[in-house]
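**Q** Fold the stuff below for me.
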Amino acid sequence: MVWVGLSANGPTKPIVIEPKAKICSSYYVNKVLKPFLRDVKKLYPSNDYIFHQDSAPAHRAKATLLILREQNVSFIKLEQWLPSSPDCTPCDYFLWGYLKSQVNTRNIRTLCGLQKAVQNEFKKYPNH
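**A** Take a look at the predicted model:
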């Protein structure tokens, strides 16, 4: 599994989730959200973005929302979320399928190889 932030200013670094990891709020905050928050500062130094995540339990956990508030991250709340919207969730409707098709053309045998392949594909993503 891979996590990435996607924006008009470019993608964040992809984060590969450890195999068989249980994605609880602690794992999500420490292994995904905190690295994302460091990386997104390069794309949005003025902090002028709105963070959108889906309704996965780790995303809506109190600890997750607390970190977002403590870091002054503007985010779309669960009740504002627009499910099944290609405009609001381009990763679900385009990116993951496209990325999978590109990576599956390679003969990858290791997790490290998968990480490199995913990173190489994201380097091709145009920055605006």
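**Q** burial of Gly5, as a residue count?
**A** Residues near Gly5, counting by other Cβ atoms under 10 Å, number 23. Bear in mind the C-beta positions are built from the backbone N, C-alpha and C, glycine included.
**Q** just Val32 next, same as before
**A** Counted with other Cβ under 10 Å, Val32 comes out at 20.
**Q** That one and Asn47: what is the separation?
**A** Using Cβ to Cβ, to the nearest Å, one obtains 19 Å as the distance from Val32 to Asn47.
**Q** now do Pro14
**A** 22 Å.
**Q** now Cys112
**A** 33 Å.
**Q** for Asp39, same thing?
**A** Taking Cβ to Cβ, one finds Asp39 at 13 Å from Asn47.
**Q** Tell me which of those two has more neighbours.
**A** Neighbours were tallied for Asp39 and for Asn47 using other Cβ under 10 Å; the higher tally belongs to Asp39 (15 against 11).
**Q** Show me the shaky parts of the chain.
**A** 83-91, 125-128 (pLDDT under 70).
**Q** Could you export stretch 26-37 as CSV, CA atoms only?
**A** Extracted in CSV, the C-alpha atoms of stretch 26-37 (Å, rounded to 0.1, in the frame of the first residue of the first chain):
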residue,chain,number,x,y,z
SER,A,26,-0.9,6.0,16.0
TYR,A,27,0.6,4.3,12.9
TYR,A,28,-1.1,6.8,10.6
VAL,A,29,0.0,9.8,12.6
ASN,A,30,3.6,8.8,13.1
LYS,A,31,4.4,7.0,9.8
VAL,A,32,2.2,8.9,7.4
LEU,A,33,0.8,12.2,8.6
LYS,A,34,3.9,13.6,10.3
PRO,A,35,6.2,12.9,7.3
PHE,A,36,3.5,14.4,5.0
LEU,A,37,3.3,17.5,7.1
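**Q** Tell me where the chain has helices.
**A** 25-27, 34-43, 57-60, 62-70, 90, 96-103, 111-123 (DSSP state H).
**Q** Tell me which residues touch the closest residue to Ile15 other than its chain neighbours, please.
**A** Nearest in space to Ile15, with sequence neighbours left out and distances taken as Cβ to Cβ, 6 or more residues apart in numbering, is Trp3 at 4.5 Å. Listed by Cβ atoms under 8 Å, 6 or more residues apart in numbering, the contact partners of Trp3 are 14-15, 17, 32, 36.
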